[in-house]
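K.L.:
sharing a model that was predicted from the sequence below.
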Amino acid sequence: MDSEILWRVAVVQAVSVIVLSLLLGLLLPHSFFEDWGWLTGPGAWLLCAWFTAWVLGLDAGQVIVRAIGAGVLSLLFVIVGLHWLGAAVAVALFAAWCARLPRPLAENSP
């Protein structure tokens, strides 16, 4: 497990989820999330995972698969009413799974 990748993924994913959540929360009424949260939440999570892969130069397909797995676990927390705890657990699990991916190659390597 690559601890540097783990921490980078955790920070980028957490910050992107927080920023996107705040932005959506400011732009959309609460009723939107009551009706469409089941779709918006997973979509936002996957968008943030794609962004994390892009920022860190990781394989987007493999990162998305790991994001789906962590998101499924997060769903269990949502069901029992602990949405944000589930998000925190999902970020930690997602980062740990991504830390097992191969380290990205530097673009300017000789």
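P.N.:
Nice, I can see it.
K.L.:
three-state assignment of Gly86?
P.N.:
Classification of Gly86 by DSSP: H, G, I helix; E, B strand; the rest coil places it in helix.
K.L.:
list the residues that contact the closest residue to it other than its chain neighbours.
P.N.:
The shortest distance from Gly86 to any non-neighbouring residue, by C-beta to C-beta, 6 or more residues apart in numbering, is to Phe77 (2.6 Å). C-beta: built from backbone N, CA, C; applies to glycine. Contacts were defined as C-beta atoms under 8 Å, 6 or more residues apart in numbering; by that measure Phe77 touches 83, 85-87, 89.
K.L.:
dump those to CSV, plus distance to Leu47 and pLDDT.
P.N.:
What follows is those, written out as CSV (distance: C-beta to C-beta, whole Å; pLDDT from 0 to 100):
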residue, distance to Leu47, pLDDT
His83, 18, 83
Leu85, 21, 89
Gly86, 18, 87
Ala87, 14, 89
Val89, 19, 92
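K.L.:
give me the mean pLDDT for the helix ranked longest in the chain.
P.N.:
Secondary structure assigned by DSSP state H gives helix 30-56 as the longest helix of the chain. When pLDDT is averaged over helix 30-56, the result is 89.
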